[in-house]
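In: What follows is a predicted structure for the sequence shown.
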Amino acid sequence: MCGWVNQEIVQNVDMILFTCEALQFSILHRIVAYTPAINSMPYPYITSLQVFQIRHSSQLRSFHIVHQVSLQEIIDLIYIIRDILIKDNLIAKIKKILAWNNKETHLLNDSEYEIFIRRFQFLFRYHFDSQAVGLEYYKDDNYIKQVALMNLYMLYLLTHQNGYDYFFSYLQDYKLYYK
């Protein structure tokens, strides 16, 4: 057994899954229906129950389920996400959204950018408890947008060489809010 992960990692993985879902709604189905390129290998594999348990073990959720999440489950999930991002060519979409955010004309509507931000804000507010997050952060659209774009950038880094190093340091060290 690989050991158990701390609550910050679980929260950050849940946030990454929100980001993936805002990017493409079908990605959760692709994660649980994932088959590796070499079918004879059983690794990696994650069930829908495991994804549910990981997502609902976050203390930021309204309905918090007490479940110990193993490091192996997180590693498998991250590997699968990375593979899906590359295979489905979602990197191009991520680059476009990140590039659009850097433009000074970002006040104009770009459909992919705006759709991603609105989806993320909706998912954030729908699934997270306002008291657990903190009301000042929960109501602040700019703050939620920053969180969305930072997570999107982390997904972008994940697909690069040495991306796992950056990604796992983010999972371990990032705190959504400071009390």
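Out: Yep, it's here.
In: switch to C-alpha atoms for all contacts and neighbour counts from now on
Out: Fine.
In: Report how many residues lie close to the nearest residue to residue 138 once chain neighbours are set aside.
Out: Counting by C-alpha to C-alpha, 6 or more residues apart in numbering, residue 138 lies nearest to residue 130, which is 5.7 Å off, once chain neighbours are set aside. Each residue near residue 130 was counted by other C-alpha atoms under 10 Å, and the total is 18.
In: One more: the one 5 residues further on?
Out: Counted by other C-alpha under 10 Å, the residues lying close to residue 135 total 11.
In: Any idea how many residues pack against residue 128?
Out: Burial of residue 128, expressed as a neighbour count using other C-alpha under 10 Å, amounts to 19.
In: Likewise for the one 3 residues further on?
Out: Applying other C-alpha under 10 Å, we find 13 residues neighbouring residue 131.
In: so what's it up against?
Out: Residues counted as contacts of residue 131 (C-alpha atoms under 8 Å, 6 or more residues apart in numbering): none.
In: isn't there a helix covering it?
Out: Yes - read with DSSP: H, G, I helix; E, B strand; the rest coil, residue 131 is one of the residues of a helix.
In: ok, so what distance separates it from residue 142?
Out: In this structure, residue 131 and residue 142 are 18 Å apart, going by C-alpha to C-alpha, to the nearest Å.
In: can you check residue 100 too?
Out: The span separating residue 100 from residue 142 equals 16 Å under the rule C-alpha to C-alpha.
In: If you count surrounding residues, which of those two has more?
Out: Summary of the neighbour comparison: residue 100 and residue 142, criterion other C-alpha under 10 Å, with residue 100 having more neighbours (19 against 11).
In: Secondary structure element for that one, which one?
Out: Take DSSP states H and E as the rule and residue 100 turns out to sit in helix 90-102.
In: The helix or strand just after that helix relative to helix 90-102, how many degrees between them?
Out: Going down the chain from helix 90-102, the next helix or strand is helix 111-127, by DSSP H and E. Using axes from the mean of the first three to the mean of the last three C-alpha atoms, to 10 degrees, the direction of helix 111-127 lies 90 degrees away from that of helix 90-102.
In: In terms of secondary structure, what does helix 111-127 contact?
Out: Packing contacts for helix 111-127, counted by 3 or more C-alpha pairs under 8 Å, 6 or more residues apart in numbering; DSSP states H and E, involve helix 7-23, helix 90-102, helix 141-158.
In: try 6 Å
Out: If you count contacts as 3 or more C-alpha pairs under 6 Å, 6 or more residues apart in numbering; DSSP states H and E, helix 111-127 packs onto helix 7-23.
In: quick one: average pLDDT of the helix it packs on?
Out: Along helix 7-23, the predicted confidence averages to a pLDDT of 91.
In: Fine by me, thanks again.
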